[in-house]
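Chemist: give me a 3D structure for the following:
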Amino acid sequence: MKKVQSNHRSQQLLKPFDLAPYLTQFTDRMKSSGFTTLTIEGYSDAVAHFGTWLKINTLTKNCITKNVLQRFAEHLLRVLRQRKKIPFV
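Modeler: Here you go, the predicted model:
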C-alpha cells in the first residue's frame, strides 16, 4: 500500500475522486448554512484525504464498510503520529 505524505505540499495533491459529487453537495450546503471558509476547507481536506486513500487502496465508494472505515482511521492515526515528528519551520 502506498503512503500519502502528511505535509502541506502533499495535501494539495489529495483528491476526493469517487467522493467528489458528494463533497460538492456537502460544501455547497455548508456555505449556504453560513460555515466559515476555514471550516469548509477542513472538511473538504478530510474528504479528499479519504478519497485519495480509497483510490490508492483500489477501493470505490461502494466498498465502504465499517472495516474500511476502521482501516482509514488507523491510517489517520499513523499520519497524525508522523506529523508530530515533523518539526514546524
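
Chemist: which element is the residue nearest the centre of the chain on?
Modeler: Centroid check for the chain by C-alpha atoms, centre = their mean gives H49 as the closest residue, at 2.1 Å. For H49, the host element (DSSP states H and E) is helix 37-56.

Chemist: between the next helix-or-strand element following that helix and helix 37-56, how many degrees?
Modeler: Heading C-terminal from helix 37-56, the first helix or strand you meet, by DSSP H and E, is helix 66-85. Relative orientation of helix 66-85 versus helix 37-56 (axes from the mean of the first three to the mean of the last three C-alpha atoms, to 10 degrees): 120 degrees.

Chemist: average pLDDT across helix 66-85?
Modeler: Here helix 66-85 scores 90 as its mean pLDDT.

Chemist: just to revisit the earlier point, buried ones in the helix holding H49?
Modeler: Going by neighbour count (16 or more other C-beta atoms under 10 Å), the buried part of helix 37-56 is 40, 44, 47-55. Heads up, the C-betas are built off the backbone N, CA and C, glycines and all.
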